[in-house]
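J.: from the sequence below, what's the structure:
(one chain, ligands or ions: 1)
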Amino acid sequence: MIPSSIVILTGAGISAESGLSTFRDIGGIWSKIDYRDVATPEGYARNPGLVHDFYNRRRRKMKSVQPNAAHHALARLDGAFDGDFLLVTQNIDDLHESAGARRLVHMHGELASALCEACGQRSRWPGDMSVNSQCPHCATVGRLRPDVVWFGEMPYHMDRIYAALGGCDLFVAIGTSGSVYPAAQFVEEAALAGARTVELNLEPSENHALFDDSIQGQATKVVPQFVDDLLARMGARAG
Ligand code: NAD
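T.: Below is the predicted model:
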């Protein structure tokens with residue numbers, strides 16, 4: 001089947017081979033630190049300094065890593081596919097855009113962005129953030145937070161994502177454990193729209209049974225293979 005509208009969902013597993021930790025795996029981020037302390041509005045209210053330290057470390061780490069073959073393969077697909085395409089990432093790193101992806105939304109926000117709680121404006125924020133950081137828009141000090149979606153908050157771009165899911169005929173989830181909602185439920189939404197659903201993951205995810213196909217392997221191996229097969233089929237049709 002040659003798709004005419006594709007939605008791709010990525011999670012922490014696609015960036016693992018670039019050197020960024022996943023969350024729920026053994027040795028993952030949530031095995032070392034309690035997410036309630038650093039990834040909830042309540043944790044931030046209790047100890048904003050701790051939360052800034054956590055994201056400052058992750059922002060610095062992000063700057064030291066490169067996109068891998070899986071990010072590059074998806075950017076290639078984005079560039080070559082002339083139908084509707086949306087790459088939805090749960091990741092707050094910038095590796096998809098560094099690889100050249102254009103039709104991309106960050107549903108959990110971005111590490112290199114700051115959100116001002118005083119004026120509501122966003123600013124590019126590549127360096128460290130602290131309780132003394134000043135908003136470049138309204139000049140308020142001490143009200144800047146990482147522009148990431150914490151547990152209990154509403155993910156970004158949901159209208160655009162659900163519109164794409166409702167019209168897609170291929171949905172692919174990559175490197176995600178299928179344990180965080182609403183992303184974990186996208187496969188059902190796509191299936192309702194009649195899409196073929198495929199998961200590419202190191203191991204079967206928590207909701208692998210909901211997919212038509214589940215392919216296991218490292219993202220740097222299985223994603224380029226999947227994209228090359230798809231582009232070859234599309235090329236064969238064009239030829
Ligand atoms: P996850 O850690 O739950 O799952 C990662 C998945 O990737 C696993 O299923 C694992 O088997 C797979 N994987 C690991 N290495 C791989 C590789 N080399 N190739 C292919 N697959 C590989 O991460 P997730 O699914 O992205 O989960 C969504 C996450 O969003 C939640 O864990 C949540 O904590 C996180 N989140 C974070 C924030 C934040 O930091 N502020 C906010 C909201 C949500």
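J.: what does this structure put close to the ligand?
T.: Contact residues (C-beta under 6 Å from any ligand atom) of the chain with the ligand: 11-13, 16-17, 22-25, 28, 39, 90, 92, 108, 148-150, 175-177, 179-180, 201-203, 205, 218-219. Every residue, glycine included, has its C-beta placed from N, CA and C.
J.: which other helices and strands contact the lengthiest helix in the chain?
T.: Taking DSSP state H as the criterion, the chain has its longest helix at helix 219-238. For helix 219-238, the packing partners by 3 or more C-beta pairs under 8 Å, 6 or more residues apart in numbering; DSSP states H and E come out as helix 13-16, helix 69-80, strand 170-174, strand 196-201, strand 213-216.
J.: in the least confident helix or strand in the chain by mean pLDDT, which residues are buried?
T.: None of the helices or strands of the chain scores lower by mean pLDDT, DSSP states H and E than helix 29-32, at a mean of 84. Neighbour-count burial for helix 29-32 flags Ile29 (criterion: 16 or more other C-beta atoms under 10 Å).
J.: run through who's touching that helix.
T.: Taking contacts as C-beta atoms under 8 Å, 6 or more residues apart in numbering, the residues outside helix 29-32 that touch it are Ser21, Thr22, Phe23, Arg24, Asp25.
J.: equivalent analysis for stretch 219-234, please.
T.: With contacts defined as C-beta under 8 Å, 6+ apart, stretch 219-234 is touched by 2-3, 13-14, 16-17, 68-70, 72-74, 76-77, 80-81, 172, 174-175, 198, 200, 202, 215-216.
J.: just the buried ones out of these, please.
T.: By 16+ other C-beta under 10 Å, the contacts of stretch 219-234 give 3, 13-14, 16-17, 68-70, 72-74, 76-77, 81, 172, 174-175, 198, 200, 202, 215 as buried.
J.: and Arg57, what element?
T.: Using DSSP states H and E, Arg57 sits within helix 48-63.
J.: I'd say His72 and Gly100 touch.
T.: Yes - if you go by C-beta atoms under 8 Å, His72 and Gly100 touch, sitting 7.5 Å apart.
J.: and the contacts of helix 29-32, which of them are in helices?
T.: Those of these lying in helices (DSSP H): none at all.
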